[in-house]
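*Asks:* any chance you can model this:
(one chain, ligands or ions: 2)
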Amino acid sequence: MSKIRILPDVVANRIAAGEVVERPASIIKECLENALDANAQQIDIAIARGGKESIRIRDDGEGMTRDDALLAFERHATSKIRSAEDLTSIQTFGFRGEALAAIGSVTRVTLTTKLHGATSGTEVFIEGGKIRHVRDAAAPGGTELVLRDLFFNLPARRKFLKTDATEAFHITNLVTHYALANPTRGFTLEHNGRQVLAVTATTDLRARAYQLFGANLLDNLAALDFAQADVNVRGFASRPHVQRTNRDGQYLFVNGRFVRDKLIGRALSDAYRNILPPGAFPSAMLFVEVPPDMVDVNVHPQKTEVRFRAPQRVLESITAAVQRALGVEPKFAPFPATS
Ligand code: ADP
Ligand code: MG
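*Replies:* Ligands and ions are numbered 1, 2, ... in the order given. So this is what the prediction gives:
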């Protein structure tokens with residue numbers, strides 16, 4: 001008799017869920033990305049008690065058929081890639097096919113979805129990874145997920161969640177990131193019935209930054225627009241008199257994907273080395289664009305870490321972009337460089 005067993009799917013999914021779903025904000029990240037991948041123009045989010053009690057996220061994207069709505073909760077179920085080769089040219093946020101399976105296994109989920117133009121929509125209720133019911137439902141075109149009782153079946157994990165205010169802070173920060181990266185889409189966020197954020201579709205980054213942060217902040221930022229070989233850097237960086245004690249004012253994106261990247265953080269610090277005193281951090285909204293095959297986004301389940309094929313080149317471009325915008329002598333020689 002063998003001692004090794006293959007775990008049942010429900011158990012395997014719940015274990016894997018830990019990697020994708022760390023806190024309410026990570027759930028909202030996955031749902032926001034799914035909505036954007038589905039080409040939603042308007043995304044409305046409402047949370048209760050920092051997202052621990054409930055999260056509702058509704059989009060007017062393409063919606064799903066009944067079959068797809070059920071498949072979506074299976075592990076490795078994705079409509080976005082078909083083969084390993086597709087990973088090198090990924091254009092969508094999703095591709096792992098793990099998010100909904102993970103979310104469905106640690107919450108109580110009601111999914112309501114309808115294809116635009118379909119006569120009827122579908123409602124699926126899933127609890128701890130098990131489908132409890134599926135039925136026809138009236139719905140507008142698009143998708144709505146209502147998630148209740150996060151980690152109801154993982155009490156140890158539930159204990160690690162922070163206060164409502166802290167979880168709500170992370171969510172607001174996250175939605176701000178996505179709103180910034182997608183100025184042509186509308187976003188709203190409500191916490192315990194109170195509106196926290198509301199931005200309507202607009203034309204460009206400047207207009208969106210104005211909606212989110214107001215004229216005051218914009219006046220203190222220098223615009224960046226810099227291209228060097230195949231690395232493109234756009235956005236805004238703060239003028240020298242703006243100083244923060246942490247990186248909270250830094251919004252970093254690679255190919256439209258929001259990242260927490262040490263390299264980009266370092267490039268920013270490098271650019272301000274002789275401008276800011278030690279311990280002071282600049283604010284910035286940095287959009288780095290590189291060809292898809294120059295960056296690997298499949299490093300971490302939450303996809304907030306990326307790996308560049310030529311990190312030095314990216315680093316130099318960012319530093320140069322910021323220094324040029326601030327009128328500082330460039331620290332690096334212009335291209336062509338090695339690596
Ligand atoms: P991935 O995004 O990596 O493909 P997910 O588990 O996040 O995996 O979603 C599984 C599939 O469900 C997606 O590939 C997509 O086809 C479908 N889906 C999920 N959310 C939405 C949505 N908001 N609108 C339309 N389709 C969706
Ligand atoms: Mg996804």
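
*Asks:* and the helix or strand where Ser269 lies, average pLDDT?
*Replies:* Ser269 belongs to helix 262-271 when assigned by DSSP states H and E. The predicted model assigns helix 262-271 a mean pLDDT of 89.

*Asks:* and it, what's buried?
*Replies:* For helix 262-271, burial by neighbour count (16 or more other C-beta atoms under 10 Å) applies to 263-265, 267-268, 270-271. In this view, the C-beta of every residue, glycine as well, is placed from N, C-alpha and C.

*Asks:* can you check stretch 90-110 too?
*Replies:* 90, 93-110.

*Asks:* one more: stretch 209-222?
*Replies:* 209-213, 217, 221-222.

*Asks:* for the helix holding Ser269, packing partners?
*Replies:* strand 250-254, strand 284-289, helix 311-326 (3 or more C-beta pairs under 8 Å, 6 or more residues apart in numbering; DSSP states H and E).

*Asks:* how big is the angle separating that helix from strand 284-289?
*Replies:* 120 degrees (axes from the mean of the first three to the mean of the last three C-alpha atoms, to 10 degrees).

*Asks:* please enumerate the helices of the protein.
*Replies:* 9-20, 24-37, 66-71, 99-106, 155-158, 164-181, 205-219, 262-271, 311-326 (DSSP state H).

*Asks:* winner for burial among these?
*Replies:* Counting by mean count of other C-beta atoms under 10 Å, helix 99-106 has the highest mean neighbour count of those, with a mean of 26.

*Asks:* run the chain-centre distance for it.
*Replies:* Taking the mean of its C-alpha atoms, helix 99-106 sits 17 Å from the chain's own mean (C-alpha atoms, centre = their mean, to the nearest Å).

*Asks:* could you export that helix as CSV, CA atoms only?
*Replies:* Taking C-alpha atoms only, helix 99-106 is exported to CSV below (Å, rounded to 0.1, in the frame of the first residue of the first chain):
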residue,chain,number,x,y,z
ALA,A,99,-8.1,33.4,-9.3
LEU,A,100,-11.7,32.4,-9.3
ALA,A,101,-11.0,28.9,-8.2
ALA,A,102,-9.0,30.3,-5.3
ILE,A,103,-11.6,32.9,-4.4
GLY,A,104,-14.5,30.4,-4.7
SER,A,105,-12.7,28.0,-2.3
VAL,A,106,-12.3,30.5,0.6
